[in-house]
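**Q** what shape does this take:
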Amino acid sequence: MSTGFTYTIKRICFDENYQPSDSTRITTNFANLARGEHRQENLRNALRMIDRRFNALAYWDNPKGDRYSVELEIISVDIDIEGNGQHFPSIEILKTNVIDHKTQKSIEGIVGNNFSSYVRDYDFSVLLQDHNKNQSGFSIPDNFGDLHGKLFKDFLGSSTYQENFTKAPVVCLSVSDNKIYYRTENQHPVLGIEYLPNEASLTEQYFKKMGFEVRYFMPPNSVAPLAFYFLGDLLSDYTNIELISTISTMETFQKIYRPEIYNANAAAGNHYQPNLKHPDHSLTQIVYDREERSQLAIKQGKFAEEHFIKPYQSVLEQWSENYTL
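**A** Modelled structure (predicted):
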């Protein structure tokens, strides 16, 4: 059960006319695409890539490969800590909906997909960096990710989430470039071939505190596995159409943001280590500044520190100590 914080959801359609609001985290995948002189072309091309990939995966009863299109909503979640109407932007996720042009029906997709959070920016870009600034080796601060994990679980248990979404979220991220992934014999018709990592990444550990498990699958005709973070049972809790909506959306984003991995010219082998400096890859015709995004993560982490972590520190610490599911 939720324990007192109030959550407010805003929905914004992500289409070729999308323009980020002033309160939107500009490090998010979708907001980054919608900036600059090529913004509309970027958006149009990305949405076209998503639709093409969806139809390639949902090929049954789809002879022309044009039966479906994907509509995306940006879900922005604000949190009110003290119940006084003062909201802080908590997280942003994506919601997929699928239009079946044969039946003229809209099919609900999956919520989650992309995941961005001011508090996560603070944890990784401020707290973690400061902790390791004057150390010879890398280490993780005590209780790293605890507050963020509890806030996320609180949101999932809230009436706001239950009233707006029928299923638990699935978040789809890139694989880590400092881990090795081993191909298994397990294969799913939509998710594809399962891979297992040689060890848990920091992202895995962080998302575990949010309640997520993770499995790695390389979908049909993909060149690298994707990380699927989920609650419950990924393979049985969601329909093929729901899973395809997530794959087509997030694989498209990864081809744009990490072409060295997801738009490589050769597919992952039995032992696979991603490489962000891999030269044998193709670029999409979509403009994206990866370096700028890293700088913005630091800026927004400091924003979270100034406007959320420090002002509410005592309240959050006491709540976190007493938090139970």
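**Q** after the helix or strand bottoming out on mean pLDDT in the chain comes which helix or strand?
**A** Least confident helix or strand, the chain: helix 29-33 with a mean of 59, by mean pLDDT, DSSP states H and E. Moving toward the C-terminus from helix 29-33, the next helix or strand (DSSP states H and E) is helix 39-57.
**Q** so where do the strands sit in the stretch 51-200 of the chain?
**A** 68-80, 87-100, 105-117, 170-173, 181-188, 192-197 (DSSP state E, counting those that start in this stretch).
**Q** turn the ones you listed into CSV, including mean pLDDT.
**A** Below are these laid out as CSV (pLDDT from 0 to 100):
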stretch, mean pLDDT
strand 68-80, 94
strand 87-100, 94
strand 105-117, 95
strand 170-173, 97
strand 181-188, 98
strand 192-197, 98
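**Q** flag every buried residue along stretch 87-102.
**A** Residues of stretch 87-102 classed as buried by neighbour count (16 or more other CB atoms under 10 Å): Phe88, Pro89, Ser90, Ile91, Glu92, Ile93, Leu94, Lys95, Thr96, Val98, Asp100. C-betas here are computed from N, CA, C, even on glycine.
**Q** which intervals of the chain have sub-threshold pLDDT?
**A** The chain contains residues with pLDDT under 70 at 1-4, 20-38, 285-294, 325.
**Q** so which residue is dead centre in the protein?
**A** Closest residue to the average C-alpha location of the chain: Asn114 at 2.3 Å, with CA atoms, centre = their mean.
**Q** what's the closest non-adjacent residue to it?
**A** Leu94 (4.6 Å; CB to CB, 6 or more residues apart in numbering).
**Q** who touches the helix or strand where Arg11 lies?
**A** Assessed by DSSP H and E, Arg11 sits inside strand 6-14. Strand 6-14 is contacted by residues 18, 21, 30, 43, 71-80, 83, 87, 90, 94-95, 155, 158, 160-161, 164 when judged by CB atoms under 8 Å, 6 or more residues apart in numbering.
**Q** that one pairs with which strands, parallel or anti?
**A** Next to strand 6-14 in the sheet, as set by DSSP bridges, lie strand 68-80 (antiparallel).
**Q** and the partner strand, what's buried?
**A** Buried, per 16+ other CB under 10 Å, within strand 68-80: 68-80.
**Q** good, we can wrap up now.
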